[in-house]
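Colleague: Sequence first, then the predicted structure, then my questions.
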Amino acid sequence: MQWTLRQEEVMREQCYRGAEAVRDAIERECGVRHTIRAVEAHASRIHVSLKVLDECSECHAVGVRINRQSGMCPRCTEAAHVAEEEAFHDLLKAEAEGCEEGPELEALRRRYAQLRQQNSRLCRKNGLAPKRKRDI
Ligand SMILES: [Zn+2]
């Protein structure tokens, strides 16, 4: 069977996934199904290695060492650790800050000031009685 340039291109793109993956990709892309033996023979003819290499599930780097637990390369594994620990840190910080200080209290103070300003503006603009002149 004839090998087209496009089939060889697919072979070079997919070679690190092994002979079977190359055969399937060529079938998918070009509509031609070779035998595994034909794929291996042609790969050897055009000097393409079909050795299966590991691929990071996150950054898709090929031929890198993969952490079995995470399925990712060392860099992506470490980045995931950092992200996880950062989220835990934020949670702990929020818990530790509690009632007397912290972002929640600051947000409430800002909201209170904002509402008071809006309400006094409404009263002035519409001639309504302010809170201190009401029985509330
Ligand atoms: Zn990675």
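Modeller: Cool, got the structure.

Colleague: Would you report the backbone torsion angles of residue 69?
Modeller: Summarising the backbone geometry of residue 69 under the convention degrees, to the nearest 10, its torsions are phi -70, psi -50.

Colleague: Please shift the residue numbers so they start at 54 in all later answers.
Modeller: Will do, 54 is the new start, and the previous item becomes residue 122.

Colleague: Can you get me a residue count around it?
Modeller: Burial measure for residue 122: 7 neighbouring residues, criterion other C-beta atoms under 10 Å. Every residue, glycine included, has its C-beta placed from N, CA and C.

Colleague: what residues are up against it?
Modeller: If you count contacts by C-beta atoms under 8 Å, 6 or more residues apart in numbering, residue 122 has none.

Colleague: pLDDT score assigned to it?
Modeller: According to the model's per-residue confidence, residue 122 sits at a pLDDT of 94.

Colleague: separation between it and residue 167?
Modeller: The spacing between residue 122 and residue 167, counted by C-beta to C-beta, to the nearest Å, is 48 Å.
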